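K.L.:
Would you be able to build a 3D model of this:
(one chain, ligands or ions: 1)
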Amino acid sequence: MTNTPEQSCDLCGLPVPKDGLNLKTPERDLAFCCEGCRGIWQMLNPGTAQVSDEKGKSK
Ligand SMILES: [Zn+2]
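P.N.:
Numbers count the residues shown, from 1 in each chain. Purely as a prediction, here's the structure:
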């Protein structure tokens, strides 16, 4: 057991390896297991991690 909690992918929930991908947002740091998950997350959350005034889809 270690004191270092494993991060879970913020998209699919899989464990994120130490050399996983991170994405910094104004609110918090996100972690992703792969580049694909990060890309999808960015598509689902337009404007969150990227400075953009483009109109995005709202739920
Ligand atoms: Zn993932």
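K.L.:
Could you point out which residue ranges in the protein have low pLDDT?
P.N.:
1-5, 49-59 (pLDDT under 70).
K.L.:
Please enumerate the helices of it.
P.N.:
Here the chain has its helices, by DSSP state H, at 35-44.
K.L.:
Around the ion, pick out the residues from it.
P.N.:
Within the chain, the positions near the ion by C-beta under 5 Å from the ion are 9, 11, 12, 14, 33, 37. In this view, the C-beta of every residue, glycine as well, is placed from N, C-alpha and C.
K.L.:
how about the third one, what does it touch?
P.N.:
Okay, so that is residue 12. Going by C-beta atoms under 8 Å, 6 or more residues apart in numbering, residue 12 touches 33, 37.
K.L.:
What of the fifth one?
P.N.:
Under the criterion of C-beta under 8 Å, 6+ apart, the contact list for residue 33 reads 9, 11, 12, 14, 15, 16, 17, 20, 21.
K.L.:
can I assume residue 41 is in contact with residue 35?
P.N.:
No: taking contacts as C-beta atoms under 8 Å, residue 41 lies outside contact range of residue 35: 10.7 Å.
K.L.:
Between these two, which has more neighbouring residues?
P.N.:
residue 41 (20 against 10; other C-beta atoms under 10 Å).
K.L.:
ok, now which ones touch the residue nearest to that one when sequence neighbours are not counted?
P.N.:
Leaving aside its sequence neighbours, residue 41 sits nearest to residue 11 (C-beta to C-beta, 6 or more residues apart in numbering; 4.8 Å). Residues in contact with residue 11 (C-beta under 8 Å, 6+ apart) are 32, 33, 37, 38, 40, 41.
K.L.:
do you know how far residue 11 is from residue 17?
P.N.:
Distance, residue 11 to residue 17, using C-beta to C-beta, to the nearest Å: 15 Å.
K.L.:
Equivalent analysis for residue 30, please.
P.N.:
Distance from residue 30 to residue 17, by C-beta to C-beta: 15 Å.
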